[in-house]
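Engineer: Structure for this input, please:
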Amino acid sequence: MDCLFCKIIEGTIPSSKVYEDGMMLAFKDINPQAPVHVLLIPKKHIASADAVDAENVEYVSHIFLKIPEIAKSLGLSGGYRIISNCGEDGCQSVKHLHFHILGGKRLSEGMA
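Structural biologist: Predicted coordinates for the structure are as follows:
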């Protein structure tokens, strides 16, 4: 499979890891949009939110259970934003489900 995030999981492409366990990896975004910008990816290839199903939902729920712990470790005590882009119109650039944690400053209210 020629998936950028799968290669990061395999270790063939380096990343700045923030957190890792058997089900997920969190690492710093190489093009940060906020002072803190971390990507959270499941270690199982799931193409997008549209591909979440009964057989892989445990990866998504695990990520969401870990988000508060990861955010706290990043010093995001004032809040943060979680984003997941889905499909072409949603500007999903890597076809591997991922979530962005953005924070470290007051974020704008606009989403566009």
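Engineer: Mind listing what's buried along the longest helix anywhere in the chain?
Structural biologist: Looking across the chain with DSSP state H, the single longest helix is helix 57-73. Judged by neighbour count using 16 or more other C-beta atoms under 10 Å, the buried positions of helix 57-73 are 59-60, 62-63, 66-67, 70-71. In this view, the C-beta of every residue, glycine as well, is placed from N, C-alpha and C.
Engineer: One more: stretch 2-22?
Structural biologist: Neighbour-count burial for stretch 2-22 [16+ other C-beta under 10 Å]: 5-6, 8-9, 15, 18-19.
Engineer: Do me a favour and get the end-to-end distance for that stretch?
Structural biologist: 21 Å (C-alpha to C-alpha, to the nearest Å).
Engineer: got the contact list for it?
Structural biologist: Applying C-beta atoms under 8 Å, 6 or more residues apart in numbering, the contact partners of stretch 2-22 are 25-28, 38, 41, 43, 45, 66, 69-70, 73-74, 94-96, 98.
Engineer: Can you show me the helices along this protein?
Structural biologist: Under DSSP H, the chain gives helices at 4-10, 57-73.
Engineer: Tell me the helices and strands packed up against the longest one.
Structural biologist: Which is helix 57-73. strand 17-20, strand 24-28, strand 36-42, strand 99-103 (3 or more C-beta pairs under 8 Å, 6 or more residues apart in numbering; DSSP states H and E).
Engineer: That'll do, ta.
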